[in-house]
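Trainee: Build the 3D model from these lines:
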Amino acid sequence: MNGLIPELKKQNVDLIIAVTHVGVQGDSLLALEAPDLDIIVGGHSHTPLFKPKRVNGILITQAGSRGRWLGKIDITVDTEKDTIVKSYSELIECRTADITPDPVVEAKVNEFESMAAKEMNEVIGVLKTDWKKEGRGESNMGNWITDALREYAKTDIAFQNSGGIRKEMLAGNIMVRDLWEISPFGNTLATFSVDGATLRNMIQFQLSMKEESMQFSGIKAVYRTVNGERMLHNLKVNNVLVVDAKKYTIVTNNFVVAQTLKYFGVTIPPADIKQTLVTDREVLIDAVRKQKVINSQLEGRLKEAEE
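Mentor: Numbering: from 1, shown residues only. Modelled structure (predicted):
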């Protein structure tokens with residue numbers, strides 16, 4: 001950010017507003033690190049800031065999530081000094097029950113929905129068990145998704161960020177629409193390789209994370225809890241103990257592979273990453289079509305040592 005701001009100032013920019021996706025805490029840190037910002041409009045933590053935060057003189061606001069509130073900011077600017085003299089922010093609740101849709105817009109929305117419905121509502125499979133998400137541990141849904149990615153890419157391992165799985169699902173018919181809602185971002189797949197020693201470090205880093213962790217396929221990880229911390233005890237790939245010098249192939253999405261330092265504590269050089277043009281959603285839709293009946297289970301891919 002501090003590398004970009006001087007470039008903006010060279011262009012005689014009057015005000016600098018950052019639109020972020022790092023949560024309120026991250027926005028507060030950003031305000032400390034980038035004092036030349038004027039306003040931060042944030043996201044990610046889904047926080048409705050009815051009273052905006054002010055950190056380092058910078059106004060920070062966020063309008064919750066799911067369109068429940070509309071954020072409004074009023075500012076008074078000193079045009080000679082390009083500084084905000086006064087600012088005010090509020091959240092306006094959006095009550096759809098009180099709104100009469102514009103008939104022209106409503107007709108157009110219904111037209112597009114009707115055009116998409118034939119493809120989106122196609123039943124392509126049957127789910128025998130409810131698909132459940134899990135932010136920090138194994139889930140039957142994460143197991144199925146990563147299995148499908150690994151099968152497609154023909155790699156040893158697949159990773160899926162838990163936060164990228166956006167919808168749980170009850171047992172029953174699976175429509176194309178369901179996969180769009182489960183995986184709405186259109187992330188593309190990417191592959192890379194690491195040696196066994198690096199893989200151990202990656203999984204240990206995952207175990208130490210306090211928030212979101214990865215769903216994975218091809219791996220079985222056993223850990224011990226030592227002084228309240230999860231420590232990797234043993235690690236298997238394809239049911240064989242990991243060998244430090246051996247190379248292991250990995251598939252994940254482009255969102256994760258761009259942030260391997262954040263998710264795994266290692267940096268993968270861009271030259272070592274093979275990007276594809278195939279989206280994860282395409283792979284999942286094809287996997288349902290192929291399997292037709294899906295009965296996802298927990299398998300103990302991540303568990304604590306019993307003894």
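
Trainee: pretty sure Val85 contacts Asp78?
Mentor: Yes - using C-beta atoms under 8 Å, Val85 makes contact with Asp78 at a distance of 5.2 Å. Quick note: C-beta positions are derived from backbone N, CA and C, even for glycine.

Trainee: now the closest residue to Val194 other than its chain neighbours: how far from Phe185?
Mentor: Spatial nearest neighbour of Val194, chain neighbours left out: Tyr248 (6.1 Å); criterion: C-beta to C-beta, 6 or more residues apart in numbering. Distance, Tyr248 to Phe185, using C-beta to C-beta, to the nearest Å: 26 Å.

Trainee: Which one's more surrounded, these two?
Mentor: Higher neighbour count among Tyr248 and Phe185: Tyr248, with 20 against 13, using other C-beta atoms under 10 Å.

Trainee: per-residue confidence at the more buried one?
Mentor: For Tyr248, the pLDDT comes out at 98.

Trainee: Same question for Val266.
Mentor: 96.

Trainee: Quick one: residues contacting it.
Mentor: Val266 makes contacts with Val194, Thr198, Asn201, Met202, Phe205, Thr260, as judged by C-beta atoms under 8 Å, 6 or more residues apart in numbering.

Trainee: Now the helix or strand harbouring Ile203 - C-alpha only, CSV.
Mentor: Element membership of Ile203, judged by DSSP states H and E, is helix 196-208. These are the backbone C-alpha positions of helix 196-208, laid out as CSV (Å, rounded to 0.1, in the frame of the first residue of the first chain):
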residue,chain,number,x,y,z
GLY,A,196,8.5,-34.2,2.0
ALA,A,197,10.3,-32.0,4.5
THR,A,198,8.6,-28.9,3.1
LEU,A,199,5.3,-30.7,3.2
ARG,A,200,5.7,-31.5,6.9
ASN,A,201,6.4,-27.9,7.6
MET,A,202,3.3,-26.9,5.6
ILE,A,203,1.0,-29.2,7.6
GLN,A,204,2.6,-28.2,10.9
PHE,A,205,1.9,-24.6,9.9
GLN,A,206,-1.7,-25.6,9.2
LEU,A,207,-2.0,-27.3,12.6
SER,A,208,-0.8,-24.1,14.3
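
Trainee: Many thanks, we can stop here.
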